[in-house]
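Colleague: Okay, predicted coordinates and the sequence, questions at the end:
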Amino acid sequence: MRIDILLNKLCIVKHRSIAKKACEKGLVQINGKSVKPSKAVKIGDIIRVSLYGFIIDFELTRIPQRNINKSQTSTYYKLLVKNQI
């Protein structure tokens, strides 16, 4: 699954276009490297998102196969750090 789609499905960002622009500006990293919106993610990746005045680090534990409820999103990742910029 693409990183921009994943961020949208996990409700980290509100729209996929926001995730795409964040990737293009270098605000999204996978395992310490800035990525393009089309970068594929895999289980165990450490993802860092710097948006909305926060830095969020999380480890991907599952990949959603379809749309999921907002209440279920936390079962797909383990939050490592959430800091305010």
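Modeller: Noted; the coordinates are in hand.
Colleague: Next, please give the residue ranges for the helices of the protein.
Modeller: All helices of the chain, identified by DSSP state H, fall at 3-9, 16-24.
Colleague: Tell me which of the ones you listed is the most buried.
Modeller: Of all the helices of the chain, helix 3-9 has the most neighbours on average by mean count of other C-beta atoms under 10 Å, namely a mean of 22. All C-beta spots, glycine's among them, are computed from the backbone N, C-alpha and C.
Colleague: mind listing what's buried in the lowest-mean-pLDDT helix or strand in the chain?
Modeller: In the chain, no helix or strand scores lower on mean pLDDT, DSSP states H and E than strand 77-84, which sits at a mean of 91. For strand 77-84, burial by neighbour count (16 or more other C-beta atoms under 10 Å) applies to Tyr77.
Colleague: and if you look at stretch 57-70?
Modeller: Residues of stretch 57-70 classed as buried by neighbour count (16+ other C-beta under 10 Å): 57-58, 60, 63.
Colleague: The least confident helix or strand of the chain pairs with which strands?
Modeller: strand 54-60 (antiparallel) (DSSP bridges).
Colleague: who touches the strand it pairs with?
Modeller: With C-beta atoms under 8 Å, 6 or more residues apart in numbering as the test, strand 54-60 has contacts from 6, 12, 41-50, 76-85.
Colleague: Just the mean pLDDT for it, thanks.
Modeller: Averaged across strand 54-60, the pLDDT comes to 96.
Colleague: and that strand, how far out from the chain's middle?
Modeller: Per C-alpha atoms, centre = their mean, to the nearest Å, the displacement of strand 54-60 from the mean C-alpha position of its chain is 7 Å.
Colleague: Can you lay out the buried residues of stretch 57-70 as TSV showing distance to Arg16?
Modeller: As requested, the buried residues of stretch 57-70 are exported to TSV (distance: C-beta to C-beta, whole Å):
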residue	distance to Arg16
Asp57	21
Phe58	18
Leu60	17
Ile63	16
